[in-house]
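[1] next input, structure requested:
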Amino acid sequence: MLPSRSRLERWNPDSLTFAGQAGQDGGTAVAEAVTTMSANIETMPETKAWSGAAHDAAARMFGRAQDQTSEFSAYTTAVGQALITGAGSIGGARTSLLDKADQIDMSGQLYVTDQWVVMITGAQMTAEEAAALEKRAQAEQVTVNGLLLAVGAADEATAANVTNAAKPHGFDAPDPSDPGSLLVPGSQEPGDEVPDPSNPVGFLQQAMLRDADMGQTVRDTKVETKYDPTTGEEIATTTTIFKQDGSKHVKTVNAKPHFSDRGPLTTERHIDKDGNLISETTSVTFNEYGDHSFANAKSTTTQLADGTVIDFIEWPSGQKTGTIRTPDGRQADVPLDLYNHPILSTVGAGLSGLEVQAGRGIPWLTDEAADHIRIGAKYGGPGLGIATALWDVAVADSGFEKCVAAAEGAASVAAGTLGGIAVAPLGPIPTALAVLGASGGGQALGNWIGNTFCPR
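    Numbering: from 1, shown residues only. The predicted structure follows:
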């Protein structure tokens, strides 16, 4: 198996040496004791201590016992030697991998996750520095992968050697394909805990995890305030959040409203590394709308690149409504339990840039939420935060498999998405959704949300 980093740190290969030696010593002790007893009985007639038919029967019995215990000693010796040899191979591979991971960690610029994926440490850096570190991470990943596979090979070779050492002595290994073997503890081989880099899917999983992490990690921020050249009054403040992968979030807070029926607008645009819009989220408080008075009504709208629109409105009465409109005109209500999702509450403010009083408000862009965003921090933005909450609600309402299938179809990375779900999540964002955000952008998320909540 391929163990996680934390599990490998807990492994103690020396215990195999102890167990192997103890097994050998025990088998030898039993064989020697029976051999001594057999020899003593055999010599009794010579000392005139005991002879006759009963003695001869006892001598034959202990002769058979000697043969059996000799076989037993050979059994324990073979298995014990396989364990001792395995301890050396596993221990050596384990030490090499852990030492390499520690070396990467100590560089201060890269680190190795529990999944053995080499990531870039969160810190202030230029785009050029981030690109150079990404290449270094990819190169180090190749080395880590080789050492990880060596650990897996040593583990599997040891298990095979122990089995092969036991088979000549009558051991019959359980058949993993036999349903009955499921009832036998230890009969099933443990599965890999991390992506397997020996095949394309596992290698793709590692790359997706790194891409997703780079797409969430802030490498720099820039704040610009625009003033009216005539009056000197503040017009708007724009904060640009740069990510390690080259994408960015551009948040603009207007000092004054553009329209008389609403307050100042707060807007955040998520732009990918190629300059394409992924999502745009706006929050505003209405004063009046048309012929009706909606004083203090709040609205947050997210539009994805493919035209999918997600609207949240909190009316003066406290009533909350939400809708999703797809590019082809379909529309559905947002489930009410979405408003209580942790990522849309103050707990997730630093990740999503949204704030809401759980159970009492709608997702909302505020200056306070931006205060939580620091260089090196993880930040997905409001579009991804809302999409994550919708993902979780869909999983709860329609079943895991259905949502996975929808996500696969939207992102066209079936194997990679499934693999991403199988391994550990990236913080509070489900791995699969983080991958979609990093590799698919607004269109993938938009198609998925539409397909999930607005079935034809």
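[2] would you map the strands across the chain?
    Applying DSSP state E to the chain gives strands spanning 110-112, 118-120, 218-227, 234-243, 248-254, 266-271, 277-289, 292-304, 309-314, 320-325, 331-333, 354-355, 364-365.
[3] can I get those in JSON lines including distance to residue 340?
    Yep, even glycine has a C-beta here, placed from its N, CA and C like the rest. Shown next, in JSON lines, are those (distance: least, C-beta to C-beta, whole Å):
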{"stretch": "strand 110-112", "distance to residue 340": "34"}
{"stretch": "strand 118-120", "distance to residue 340": "31"}
{"stretch": "strand 218-227", "distance to residue 340": "27"}
{"stretch": "strand 234-243", "distance to residue 340": "27"}
{"stretch": "strand 248-254", "distance to residue 340": "25"}
{"stretch": "strand 266-271", "distance to residue 340": "22"}
{"stretch": "strand 277-289", "distance to residue 340": "19"}
{"stretch": "strand 292-304", "distance to residue 340": "16"}
{"stretch": "strand 309-314", "distance to residue 340": "13"}
{"stretch": "strand 320-325", "distance to residue 340": "11"}
{"stretch": "strand 331-333", "distance to residue 340": "16"}
{"stretch": "strand 354-355", "distance to residue 340": "13"}
{"stretch": "strand 364-365", "distance to residue 340": "14"}
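[4] in a markdown table: those strands, plus mean pLDDT, distance to residue 73 and mean neighbour count.
    A markdown table is the format used below for the strands of the chain (pLDDT from 0 to 100; distance: least, C-beta to C-beta, whole Å; neighbours: other C-beta atoms under 10 Å):
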| stretch | mean pLDDT | distance to residue 73 | mean neighbour count |
| --- | --- | --- | --- |
| strand 110-112 | 96 | 45 | 19 |
| strand 118-120 | 96 | 48 | 24 |
| strand 218-227 | 94 | 64 | 15 |
| strand 234-243 | 93 | 64 | 18 |
| strand 248-254 | 93 | 70 | 21 |
| strand 266-271 | 94 | 69 | 23 |
| strand 277-289 | 86 | 69 | 20 |
| strand 292-304 | 82 | 71 | 18 |
| strand 309-314 | 91 | 72 | 20 |
| strand 320-325 | 88 | 72 | 18 |
| strand 331-333 | 84 | 73 | 13 |
| strand 354-355 | 82 | 69 | 25 |
| strand 364-365 | 88 | 75 | 24 |
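[5] pass me the low-pLDDT residue ranges in the stretch 301-450 of the chain, would you?
    346-347, 357-359, 367-372, 393-450 (pLDDT under 70).
[6] which of the strands of the chain sits closest to residue 40?
    strand 110-112 (61.4 Å; C-beta to C-beta).
[7] and the contacts of that closest one?
    5, 101, 104-105, 118-121, 133, 136-137, 140, 144 (C-beta atoms under 8 Å, 6 or more residues apart in numbering).
[8] residue 44: how many residues sit nearby?
    14 (other C-beta atoms under 10 Å).
[9] thinking it is in contact with residue 51, fair?
    Yes. The pair residue 44 and residue 51 qualifies as a contact (C-beta atoms under 8 Å) at a distance of 6.8 Å.
[10] now the common contact residues for those two.
    Listed as contacting both residue 44 and residue 51 by C-beta under 8 Å, 6+ apart is no residue at all.
[11] can you give me the helices in the stretch 51-200 of the chain?
    53-106, 127-166, 200-214 (DSSP state H, counting those that start in this stretch).
[12] just to revisit the earlier point, show me the two of the contacts of strand 110-112 that sit farthest apart.
    5 and 133 (20.3 Å).
[13] ok, these two, which is more surrounded?
    residue 133 (22 against 19).
[14] who's in contact with the closest residue to the more buried one other than its chain neighbours?
    The spatially closest residue to residue 133, leaving aside those adjacent along the chain, is residue 120, at 4.8 Å (C-beta to C-beta, 6 or more residues apart in numbering). By C-beta under 8 Å, 6+ apart, residue 120 lies in contact with 109-110, 130, 133-134, 137, 210, 213-214, 217, 244.
[15] swap in residue 190?
    By C-beta under 8 Å, 6+ apart, the neighbours of residue 190 are residue 1.
[16] of the contacts of residue 120, which is the most crowded?
    Counting by other C-beta under 10 Å, top hit in the contacts of residue 120: residue 244 with 29 neighbours.
[17] list the contacts of that residue.
    Contacts of residue 244 by C-beta under 8 Å, 6+ apart are 120, 125, 130, 133-134, 213-215, 217-219.
[18] got it, and residue 352?
    343-344, 363, 369, 379-382, 384-386, 388.
[19] what is the burial count for residue 16?
    Count around residue 16 with other C-beta under 10 Å applied: 23.
[20] spatially nearest residue to it, not counting backbone neighbours?
    Counting by C-beta to C-beta, 6+ apart, the residue nearest residue 16 is residue 87, at 3.8 Å.
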